[in-house]
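Participant: need coordinates for the below:
(one chain, ligands or ions: 1)
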Amino acid sequence: MADIDTYPSRATLASQDARLPSALTEDEKQVLASTAISRAVLPGQELFQRGDNAQSMYLIDTGEVRLSFEDGLADKLLGPGQYFGELSVFIGHHQRFARAVVETAGVLYEITQDGFEKLLEREPAVVARFMQRSFAYLVAGEHQLVQSLRRRNEDLMQTLDTLRQTRSELSVAQQLVRSDDLTGLSNRRGLYRYLDEISRHPLVGHKLALLLIDIDHFKRINDLSGHLAGDSALRAVAEEVRRQANAMDLPCRLGGDEFALVLRVADEGDLANRALGLIASVRALRLPSLREHRVSVSVGGAFCVDPGGWSSWYSRADAALYEAKRKGGDHWRLAS
Ligand SMILES: Nc1nc2c(ncn2[C@@H]2O[C@H](COP(=O)(O)OP(=O)(O)OP(=O)(O)O)[C@@H](O)[C@H]2O)c(=O)[nH]1
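Facilitator: Residues are numbered from 1 along each chain as shown. Purely as a prediction, here's the structure:
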C-alpha cells in the first residue's frame, strides 16, 4: 500500500484516490501479523534511510510513521492498519527510496521475506488477495504519476514556447531599433554596431571599403514631384544599394538622401565596378511617380585602411563624393 522501495510517487497520490485501499482487511492483518516480529517504537526513531537495502515490510499496529521521499514529493504519514515497504517481500532485496521515521510512539510488525514466503505457502488465498490489491494500488499510482508528469511536461513546453516567442520579439525589436523606417536599411546605430563587430574579426584576402552615396538634386525631386514621390525615390535607390551588397556587406541610410555601403572588395578595380554598377542601376530606374524626372547618384569611395576609424574613412569618402558632385553628379570618385 505504501511501498517506498520502488514507488515513491504514491506518497503524493495515495491520499488522492479514495478507491485505493488505505489499510489491511482484518484477516490480512491477522495473517501478516502471525509471522511478524513486533516491536515498540518511539517518536524520531529512524526505521530506515533512502538507499538502505530493503529486507522487510512493516505493518503499523499502533502509532504513526512518516515516509519522506524527497525529490519534491510530499511526505506520507501512515497510521494503524497501514503498511509500507511491501515490495521488499514481493520482489526481494533492493534499495529503499524513502526514509521512514516514527512520528508517534506505537507498535510495528516487521515481516521478513522468509516469513512472507512461509505465509504464501500457508495462506495462499489471503496473501494472493493482499498482493493483488497492492499491485493494483502500485499500478494506479504509477498511472497517476505518468499523467502528472505529462501535465508538467506540457507546462514546461508552453513556458519554452513563450520564451522562444519573447526571444524572437526581442530580436525583431532590436532589428527595428537598428534599421531605417523608410527604407529598411541599417541606420547609423546599426552601422556603428556593424563597425564594432567587424573590428573584432580581421579580414583575410579582402579589403574593407566605404562607398558614400548621395542622390543628385534630390531637393528638386521633392519640389517638383512632391514629398511622397521623393520617398519612393529614396526607397528605390535604397533597393539598388542593397542589391550591390554581398552577404557580409552593410548597406545603410545615413539620413536624408545620403546612403553608405561598407563592403569587402578584392582591389581598386573591384571597388570601381561596384560603384559604377550602382550608378548605372540607379540611372536605369524609371519611377512613374517622378514624371519626367530621372534619378541619379554620386558616389565617393575610400578604403578603410587608416587607423582613424569611421570618422576618418567618412571624411575621405565625403571629400571624394564632393568631387563627384562637382563633376556634375552621376559620377564616382575614389579618395586619394
Ligand atoms: N521625401 C523626402 N525628403 C527628404 C527626406 N529626408 C530629407 N529629405 C529632403 O532631402 C533634401 C536633401 O537636399 P540637399 O541636401 O540640399 O541635397 P540635394 O538637393 O540632393 O543637393 P545635392 O546633394 O547637392 O545634389 C532636402 O530637401 C530634405 O528636405 C525624406 O525622408 N523624404
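Participant: what does the protein have sitting close to the ligand?
Facilitator: Proximity of the chain to the ligand, by C-beta under 6 Å from any ligand atom, involves residues 182, 214-219, 222, 227, 230-231, 234, 256-257, 325. Bear in mind the C-beta positions are built from the backbone N, C-alpha and C, glycine included.
Participant: let's see it at 8 Å
Facilitator: Residues of the chain lying close to the ligand (C-beta under 8 Å from any ligand atom) are 182, 214-223, 227-231, 233-234, 255-258, 298, 325, 329.
Participant: just the buried residues from the residues you listed, in ChimeraX please.
Facilitator: For the buried members of those, the matching ChimeraX selection, counting by 16 or more other C-beta atoms under 10 Å, is:
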select :214,215,216,218,221,222,229,230,233,234,257,298,325,329
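Participant: so which of the residues of the chain next to the ligand are in strands?
Facilitator: D214, I215, G255, E258, S298 (DSSP state E).
Participant: spit out the contact partners of the closest residue to the last one other than its chain neighbours.
Facilitator: What it means is S298. Residue nearest to S298 in three dimensions, not counting chain neighbours: A324, with 4.1 Å by C-beta to C-beta, 6 or more residues apart in numbering. Taking C-beta atoms under 8 Å, 6 or more residues apart in numbering, we find A324 in contact with S298, V299, G300, H331, W332, R333.
Participant: check G106 too.
Facilitator: Here G106 is in contact with A40, V41, I60, D61, T62, G63, E64, P80 (C-beta under 8 Å, 6+ apart).
Participant: of all the residues in the strand or helix carrying it, which ones are buried?
Facilitator: G106 is part of strand 99-112, with elements assigned from DSSP states H and E. By neighbour count on 16+ other C-beta under 10 Å, the buried set for strand 99-112 is R99, A100, V101, V102, E103, G106, L108, Y109, E110, I111, T112.
Participant: repeat for stretch 186-198
Facilitator: Neighbour count says stretch 186-198 has S186, N187, G190, L191, Y194, L195, I198 buried, by 16+ other C-beta under 10 Å.
Participant: ok, the first one touching Q175?
Facilitator: No. S186 sits out of contact with Q175 when judged by C-beta atoms under 8 Å, with a separation of 9.6 Å.
Participant: any common contacting residues for these two?
Facilitator: Common neighbours of S186 and Q175 (C-beta under 8 Å, 6+ apart) do not exist.
Participant: strand partners (parallel or antiparallel) of the strand holding G106?
Facilitator: strand 37-41 (antiparallel), strand 46-48 (antiparallel), strand 56-68 (antiparallel) (DSSP bridges).
Participant: pLDDT (mean, whole number) over the following helix or strand past it?
Facilitator: Once the chain leaves strand 99-112, the next helix or strand it forms, by DSSP H and E, is helix 113-122. Within the predicted structure, the mean pLDDT of helix 113-122 is 91.
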